[in-house]
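**Q** Just the structure for this:
(chains A and B)
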Number of protein chains: 2
Amino acid sequence: MWRARQPARARAAQLRTDQSRDAAFLMPHALEDLFHPKGVAIIGQVNRAHSEAQLRAQHDSRYGADNWSLVNPKGRAIGALTIYASVRDVPGPLDLAVITAPAEACPQLLLECGARGVRFAVVFSSGFSEIGPEGAALERTLAAAARRAGVRVLGPNTNNNLLERIPDPPGWRGGRIGVVTQSGHNGRPIVQGTALGIAFRRQVPCGNECDLEVSDFIDYFASDPETAVIAGYIEGFRDGAKLRRALAAAIAARKPVVMLKIGSTRGGARMAHSHTGHLAGADAVVDGLFAQHAVTRVRDLDELLDTAALFAKLPPGTGARVALYSISGGSGTLMAECAELAGVAVPRLTPETVAQLREYLPGYLTVDNPVDNGAVFITSNPPEVRQKVLDLIAGDPNVDLLVVGITGALSPMTDQLASDLEALAARGTAKPIAVTWNSPKIDEAGYEAIVRSGWPLFRNFRNCFAAIRHWEVYHARLQSWRVRRAPRARVPAPARRAIEGAAGVLSPLAGRLPPRRHERRAHCVSPSHSSSPRPISRTRPMRGSWCWTSRARARRSARPGSCCAARAARTRTRTSTACSCSAWPVPAWSCSSESRAIRSSVPRSRWASAASSRRCSATSPCARSRSIGATRARCWPHCAVRGSCAARAGARAWICARSNA
Amino acid sequence: MWRARQPARARAAQLRTDQSRDAAFLMPHALEDLFHPKGVAIIGQVNRAHSEAQLRAQHDSRYGADNWSLVNPKGRAIGALTIYASVRDVPGPLDLAVITAPAEACPQLLLECGARGVRFAVVFSSGFSEIGPEGAALERTLAAAARRAGVRVLGPNTNNNLLERIPDPPGWRGGRIGVVTQSGHNGRPIVQGTALGIAFRRQVPCGNECDLEVSDFIDYFASDPETAVIAGYIEGFRDGAKLRRALAAAIAARKPVVMLKIGSTRGGARMAHSHTGHLAGADAVVDGLFAQHAVTRVRDLDELLDTAALFAKLPPGTGARVALYSISGGSGTLMAECAELAGVAVPRLTPETVAQLREYLPGYLTVDNPVDNGAVFITSNPPEVRQKVLDLIAGDPNVDLLVVGITGALSPMTDQLASDLEALAARGTAKPIAVTWNSPKIDEAGYEAIVRSGWPLFRNFRNCFAAIRHWEVYHARLQSWRVRRAPRARVPAPARRAIEGAAGVLSPLAGRLPPRRHERRAHCVSPSHSSSPRPISRTRPMRGSWCWTSRARARRSARPGSCCAARAARTRTRTSTACSCSAWPVPAWSCSSESRAIRSSVPRSRWASAASSRRCSATSPCARSRSIGATRARCWPHCAVRGSCAARAGARAWICARSNA
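**A** Sure, this is the predicted structure:
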């Protein structure tokens, strides 16, 4: 039943019930149990060619010794291992089901799991929405079954990497990174960053996200004391409101979020849609949302790894003024150039520091920053003198961070410098140190010493200084962050009719999937609309009411509730009734002050180019308006993260509608 | 004597004499002898603690067995090794002297070398211009001695890496890269690219460039049949005209030049000045010059290596339309995004190819480009089927290049894919293949197979697609390249006086070092002013007439010859007399059509930011002009590559002058 038809009092009571049920069902510690299940049922094909020992070796490492059971309808046994015919037969506690059965069997298996008291399922099986409409229908059935059974589902079309134990590298220091991805394979090069001395908490590949999604795991990592930084490869978000709550939780916990988000190009967005079914969304909106929520956006996997690693290793609150140190004037020159290109400050060292450095380094070398030690210094001085110079630079009050650039591998010079850095890591320094090893030759003792030292290690200057700049921007954004309240307003009837009739508008009103009941509630009165950060997620009990596909029903149940027109009227533009968001309550980041923030964070040319790439809504009254300017910027943020904008580039008219496709 | 005072006929006769003398003195083959000297004298300190065997081991590998002699004034012997007291005493042929003696002794040693018939000297010794004015004076003495002795000098303050033999990596394919740097240490990570299966011809660190300079070696590599690509780390150029001739030679030989050029930031330019004494020059001018001469400019060492490697490995004329192939939809998505961000075309495959691929890959995977094989395909098919799919994609007429993205190291899948790629490298394919290995984990059989295969190998998507885009731009620039003729014009007297009186203008007219006689000639009637490419360098006989420091003399000898004012008048701007280049003849790339090219290649914001970073010339009439616009763009290119612009940011006035400092 549609909440708008309820009396206000009944609605409020229902809401309280829903909220408490949500909170009870999935507090962050509840997802913790997904990672430490008491009892795992592995349901699906059993390779009977394997011996008992092989099967034990395969599963013990991932699920824990004697913490798992095999389930296959054929039953029987392998050695002393019983294969149960049904999950109902498995004895003992059972938290998690790992399902590799054929896709068609999965919904029924979930129901059985629910009956058995299993709380979580990881559905490995593929053959769902990634194969087309038929699979999508099966995925909807799966989600409905999960909801009926009360089982939270990761997947389908995922794997069990989330239970993988990622060993900390030797000499590791700093915090661990929690990785969440919408591509299992793209998560692998990130967690293989252990080769660079980086530690990871978990890797969670979300698969098709029929239930648990990226935001759930951002929220989980935000509440997890073992996670320092959250890194993600993301193609799209299912639920803008939940995402904002998760990001707010990460901010409240002071855990930086670094995201490689697809969708800044048409090619990427098209491929993302065919890969995970995500609509990449309006990229400027993503940029704006990220800017507001202090999310660092990166563009490649190595940048994701390097940035997250720096964030995990730098002590919180470290500044971003760098001192540059190298054994070569050329390297110092290049470092200065790259730092300035990235926007990183390279202040002069104080005269006191320079004078002290001159006691060790000859007068013809630059020492006021960058500091060039001239190479010979390394081979002609004992370690204590070499470390003293590093100490002097790190102690300068003008700098916050020392960057040591080792461009070429040139033992013994680079080996000795590396061993100094390792010694300093053990002893401690006044300021943190970041190191670059620019050579592809890494079979050197010096390289190994630097990995062991645990200092942040970069493979090129660009990523190094980009990460330092990201760090600075992250802290600036943290300062300006606040919870934003969504304004309350209604879309006038003409605008609503225009949206409903608009061709090509991906809107609940235009016949696509409408939002589900609990989603509507989440949008209307989500906890994030309150005025303080809420680190604890209150997710909805279950997603997946895909049965609401009737356009008539969707239209009947539509409740115009956007703030767009009202605000446009307030700002006295000519598009007061033309520029309307969908009937669904507007996400919190669309209020006027925030649209200014978004606008200011996105270059005008980006708006324009984004505008021209959107679809046109020929029948909309928007198309008649030619004056947009600031109003367009105010309208845009109304699109949810998954939303789309329909616009005629020529007339520069905009209709924003939230999509649930 | 200043050439302008000569009668035209005498000038032409003198020019012919100079040119033929230059040509005879240093044709490209003459520099070849520097790399294959018959007889090397190692002049300087001898480590007498070393045994004869140790010394032989040390020097034989670099200079050739029995091809070297030790020279030290103390004489004596170590074992059977004679140490000669003077280079005059060394018997046999002697092409090269490697001097490690104290700086003060070097000029005299060069004179002795000249008397002995030595043709080249590599001056290791430091203590010259890098230590300040005193050292700079000594360097001028050194250069004068070299000129008197007739010895061409590399250095001082360099090393003997140019004689290092860089072994080709196993499985190497494509061409070799010639590396020239103004920092010995920054060249090392480039030539250590052998770890990535890249082959190098030579590495030349130019040191302080008192004589031989970067352009000489660009010119040499252009004429060297063993070099396919020229890569450089550069902080500044000594001689714009010579540089243009060298680049023209590289174009004529169809050898791409890839440059990491410092100077796009103030920090980099400042540090470059203190490192090698180079003025980085007006960066937009460098960009314009590079665009005209098809030079690819990169920003970091890894990008320099990766771009040069792709250029060396791709067959000439290969197009830049890519097919993307991976074992993961997420990797394909990211590749599509990165390719489009870099401006690389990812066309759809033909329906025929798609239909054929569908015979091997299931319908739910994207195969029209990117091609996602879904991972299972690798483990469930024999090599011939897997290679057939790669062949099908490579054979598609819509694409020129296949990019295989391996993000995570995941044996056996990645191992099998890598072995397929190695097999295809041996067998041959319809189109070349580039591979990315995005994981930091490289201790895998698959990684080694890809290095062995010789396919271009990248460590991230950004560098991969940036290099492909550079490749496309390089070919487009080759098409538009032509030798440009410098316009003839004169600077009006008021403008000349303004320049002469301007404070802070680094100009020959403002009391700094004036150009030397042969430089003036080179500018006036250099071979590159002719209408056809001249692949053979005609360098001047010797640089270093630093005795022309008298401001009065410099002013007396000034010959206004710029085209700036005349052209400004033609274009009817208000700055017709205000915006003037120096009196020295204008480099060829400053003519009007080219300044348009430069202007269009540099975003307006770059001009503006560059403008605000320049020094102010308070006394110049330029300062009164407020209308610059297009005229500024026309004026800028008048600065030589080493030149500087003096400007008041507030008034936006410009004086361009060529510097010889």
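
**Q** going forward, measure contacts between C-alpha atoms and count neighbours the same way
**A** Noted.

**Q** Can you give the domain ranges for chain A?
**A** Domain ranges of chain A: A:28-154, A:166-313, A:322-455, A:493-530+A:550-657, per automatic domain parsing.

**Q** For the ones you listed, which has the smallest mean pLDDT value?
**A** Note on these: lowest mean pLDDT is at domain A:493-530+A:550-657, with a mean of 32.

**Q** Please work out which of the domains of chain A is packed deepest.
**A** Counting by mean count of other C-alpha atoms under 10 Å in any protein chain shown, domain A:166-313 has the highest mean neighbour count of the domains of chain A, with a mean of 24.

**Q** how long is that one end to end?
**A** Across domain A:166-313, the terminal residues are separated by 17 Å (C-alpha to C-alpha, to the nearest Å).

**Q** try stretch A:219-233
**A** 16 Å.

**Q** what's the answer for stretch A:270-289, then?
**A** With C-alpha to C-alpha as the measure, stretch A:270-289 spans 21 Å from end to end.

**Q** Show me which strand runs longest in chain A.
**A** Selection of the longest strand in chain A by residue count, based on DSSP state E, yields strand A:227-234.

**Q** Neighbouring strands - and their directions - for that one?
**A** With DSSP bridges as the test, strand A:227-234 is paired with strand A:176-181 (parallel), strand A:257-261 (parallel).

**Q** Would you mind identifying the next helix or strand past that strand?
**A** Using DSSP states H and E, the helix or strand that follows strand A:227-234 towards the C-terminus is helix A:240-252.

**Q** Could you figure out how far that next one is turned away from strand A:257-261?
**A** For helix A:240-252 against strand A:257-261, the angle by axes from the mean of the first three to the mean of the last three C-alpha atoms, to 10 degrees is 140 degrees.

**Q** Can I get helix A:240-252 in CSV? Just the C-alpha atoms.
**A** Coordinates of each C-alpha in helix A:240-252 appear next as CSV, following Å, rounded to 0.1, in the frame of the first residue of the first chain:
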residue,chain,number,x,y,z
GLY,A,240,21.4,7.3,-3.5
ALA,A,241,20.0,7.8,0.0
LYS,A,242,21.7,4.8,1.4
LEU,A,243,24.9,5.8,-0.3
ARG,A,244,24.7,9.2,1.4
ARG,A,245,24.1,7.6,4.8
ALA,A,246,27.1,5.2,4.3
LEU,A,247,29.3,8.1,3.3
ALA,A,248,28.1,10.1,6.3
ALA,A,249,29.0,7.2,8.5
ALA,A,250,32.5,7.1,6.9
ILE,A,251,32.9,10.8,7.6
ALA,A,252,31.7,10.4,11.2
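
**Q** Which strands and helices lie in contact with it?
**A** Judged by 3 or more C-alpha pairs under 8 Å, 6 or more residues apart in numbering or on different chains; DSSP states H and E, the packing partners of helix A:240-252 are helix A:214-223.

**Q** Who are the packing partners of the helix it packs on?
**A** Counting contacts by 3+ C-alpha pairs under 8 Å, 6+ apart, helix A:214-223 packs against helix A:28-35, strand A:176-181, strand A:227-234, helix A:240-252.

**Q** swap the cut-off to 6 Å and go again
**A** Secondary-structure packing of helix A:214-223 (3 or more C-alpha pairs under 6 Å, 6 or more residues apart in numbering or on different chains; DSSP states H and E): helix A:240-252.

**Q** will you turn the strands paired with strand A:227-234 into JSON lines that also has distance to residue A:145?
**A** As requested, these are exported to JSON lines (distance: least, C-alpha to C-alpha, whole Å):
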{"stretch": "strand A:176-181", "distance to residue A:145": "25"}
{"stretch": "strand A:257-261", "distance to residue A:145": "31"}
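
**Q** so which of the ones you listed comes closest to residue B:220?
**A** strand A:257-261 (44.2 Å; C-alpha to C-alpha).

**Q** what's the angle between the helix or strand following the closest one and strand A:227-234?
**A** Once the chain leaves strand A:257-261, the next helix or strand it forms, by DSSP H and E, is helix A:266-276. In terms of direction (the same axes, to 10 degrees), helix A:266-276 departs from strand A:227-234 by 100 degrees.

**Q** for the stretch 301-450 of chain A, what spans make up the strands?
**A** Along the stretch 301-450 of chain A, the segments classed as strands by DSSP state E, counting those that start in this stretch run A:322-326, A:371-372, A:401-406, A:433-437.

**Q** close to chain B, is the shortest one?
**A** Okay, so that is strand A:371-372. No. Against chain B, strand A:371-372 shows no contacts by C-alpha under 6 Å from any C-alpha of the partner chain, the least distance being 9.2 Å.

**Q** other SSEs contacting that strand?
**A** When contacts are defined as 3+ C-alpha pairs under 6 Å, 6+ apart, strand A:371-372 packs onto strand A:322-326.

**Q** how big is the angle separating the strand it packs on from strand A:433-437?
**A** If you take the same axes, to 10 degrees, strand A:322-326 sits at 40 degrees to strand A:433-437.

**Q** Just checking: what are the partner strands of strand A:322-326?
**A** Taking DSSP bridges as the criterion, strand A:322-326 sits next to strand A:371-372 (parallel), strand A:401-406 (parallel) in its sheet.

**Q** What confidence value was assigned to residue A:1?
**A** If you check residue A:1, the pLDDT there is 28.

**Q** biggest helix in chain A by residues?
**A** helix A:461-480 (DSSP state H).

**Q** Contacts for it next, please.
**A** Helix A:461-480 has contacts (C-alpha atoms under 6 Å, 6 or more residues apart in numbering or on different chains) with A:294, A:303, A:307, A:320, A:339, A:342, A:344, A:458.

**Q** by how many degrees do that helix and strand A:322-326 diverge?
**A** Here helix A:461-480 runs at an angle of 160 degrees relative to strand A:322-326 (the same axes, to 10 degrees).

**Q** What residues does chain A have near chain B?
**A** So chain A meets chain B at A:131, A:183, A:188-189, A:192-193, A:265, A:267-268, A:271-272, A:275, A:329-330, A:333, A:336-337, A:364, A:407-408, A:439-441 (C-alpha under 6 Å from any C-alpha).

**Q** which residues does residue A:406 contact?
**A** Neighbour list for residue A:406: A:436-437 [criterion: C-alpha under 6 Å, 6+ apart].

**Q** Inside helices: which ones of the contacts of helix A:461-480?
**A** Those of the contacts of helix A:461-480 mapping onto helices are A:303, A:307, A:339, A:342, per DSSP H.

**Q** How much space separates the last one from residue A:310?
**A** So that's residue A:342. As judged by C-alpha to C-alpha, residue A:342 and residue A:310 stand 15 Å apart.

**Q** what's the answer for the third one, then?
**A** Counting by C-alpha to C-alpha, the gap from residue A:339 to residue A:310 is 15 Å.

**Q** export stretch A:331-344 as PDB, just CAs?
**A** The C-alpha coordinates for stretch A:331-344 follow below in PDB (Å, rounded to 0.1, in the frame of the first residue of the first chain):
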ATOM      1  CA  SER A 331      65.300  14.000  -9.700                       C
ATOM      2  CA  GLY A 332      64.700  17.000  -7.500                       C
ATOM      3  CA  THR A 333      63.900  19.100 -10.500                       C
ATOM      4  CA  LEU A 334      61.400  16.600 -11.800                       C
ATOM      5  CA  MET A 335      59.900  16.200  -8.300                       C
ATOM      6  CA  ALA A 336      59.400  19.900  -8.000                       C
ATOM      7  CA  GLU A 337      57.700  20.100 -11.400                       C
ATOM      8  CA  CYS A 338      55.400  17.100 -10.700                       C
ATOM      9  CA  ALA A 339      54.500  18.400  -7.200                       C
ATOM     10  CA  GLU A 340      53.600  21.800  -8.500                       C
ATOM     11  CA  LEU A 341      51.600  20.300 -11.400                       C
ATOM     12  CA  ALA A 342      49.600  18.300  -8.900                       C
ATOM     13  CA  GLY A 343      49.000  21.400  -6.700                       C
ATOM     14  CA  VAL A 344      51.200  20.300  -3.800                       C
END
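
**Q** What lies in contact with it?
**A** So stretch A:331-344 is contacted by A:326, A:370, A:465-466, A:469, B:265, B:267-268, B:271-272 (C-alpha under 6 Å, 6+ apart).
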